[in-house]
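Asks: need a structure here:
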Amino acid sequence: MKITYTERKCNLRDNFKQRVEKKLSKFDKIFSDEAQAFVVATVDKNSQTVEITIRDKSMVYRAEKTMPEMNDAVDKCIDVLGRQLRKNKSKLEKRLRKGSLEELVAPAEEPEIEEEEYTIVRTKEIPVKPISVDEAILQMNMVGHKFYMFTNADTNEVNVVYLRDDGKYGLLVPTSGE
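Replies: This is a model prediction of the structure:
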């Protein structure tokens, strides 16, 4: 797995990077050799945030934690990623290497997690007309939603704008997924 580090308002020490590599190495059996992990470390006045995003083929796994100590945030992120894999174990086994989740996902002290079925309870048709990103954000805010799908007038592709936890906005743009 290739790991890329991004430092925001900090300089990461080698021992921190070694810790991250050691923690992420327990996922090596699960992901392909082309998997990429992106680690973003941010230091604010009283807190330190670590965000780990793992991309493998078309699948994305993400965890973000804010703690007083950066090493604690890394530990919590690894725990969250492990829980995501455990929760979706049977669905992931169909897409990932056969049997690769057994060692990681089935620790003896944790009870077996029941598989959750995805049920669509409502289908809504919406007109998707070409508009600008700014207009899409305005529309999203007007309807009081946390996301808004639209056709981008500049690219003529379907995009999604969304409200992030930090109060800023994000834009989802389609790619080929490879």
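Asks: Where do the strands of this protein begin and end?
Replies: If DSSP state E is used as the criterion, the strands of the chain fall at 2-8, 36-43, 48-56, 59-67, 130-131, 147-152, 158-163, 169-172.
Asks: out of those, deepest packed?
Replies: Neighbour counts (mean count of other Cβ atoms under 10 Å) averaged over each of the strands of the chain peak at strand 48-56, with a mean of 20. Every C-beta, even on glycine, is put in place using the N, C-alpha and C of the backbone.
Asks: Break the protein into its domains for me.
Replies: Under the assignment automatic domain parsing, the domains of the chain span 2-105, 130-172.
Asks: Out of those domains, which gets nearest to Val121?
Replies: Ranking the domains of the chain by proximity to Val121 (Cβ to Cβ) places domain 130-172 first, at 17.1 Å.
Asks: got the end-to-end distance for the closest one?
Replies: Between the opening and closing residues of domain 130-172 lies a distance of 15 Å (Cα to Cα, to the nearest Å).
Asks: do the same with stretch 125-143
Replies: The first and final residues of stretch 125-143 sit 15 Å from each other (Cα to Cα).
Asks: Now that stretch: average pLDDT?
Replies: Along stretch 125-143, the predicted local confidence has a mean pLDDT of 85.
Asks: Please renumber the chain so that the first residue is 39 from this point on.
Replies: Shifting the count to begin at 39 puts that one at stretch 163-181.
Asks: Geometric centre of the chain: which residue is closest?
Replies: Arg100 (2.4 Å; Cα atoms, centre = their mean).
Asks: Looking at it now. What's its pLDDT?
Replies: pLDDT, read off for Arg100, is 88.
Asks: dump the residue contacts of it.
Replies: With contacts defined as Cβ atoms under 8 Å, 6 or more residues apart in numbering, the neighbours of Arg100 are 89-92.
Asks: again with Ser170
Replies: Contact criterion Cβ under 8 Å, 6+ apart gives 190-192 as the residues in contact with Ser170.
Asks: What separation do you get for it and Val118?
Replies: Remark: distance between Ser170 and Val118 (Cβ to Cβ, to the nearest Å) = 35 Å.
Asks: Also Lys103?
Replies: Computed with Cβ to Cβ, the distance linking Lys103 and Val118 is 7 Å.
Asks: How about Asp82?
Replies: Spatial separation of Asp82 from Val118 under the definition Cβ to Cβ is 20 Å.
Asks: likewise Val98?
Replies: Distance, Val98 to Val118, by Cβ to Cβ: 14 Å.
Asks: name the helices or strands packed onto the top helix by length along the chain?
Replies: For the chain, the helix reaching the highest residue count under DSSP state H is reported as helix 108-125. When contacts are defined as 3 or more Cβ pairs under 8 Å, 6 or more residues apart in numbering; DSSP states H and E, helix 108-125 packs onto helix 52-63, strand 86-94, strand 97-105, helix 140-143.
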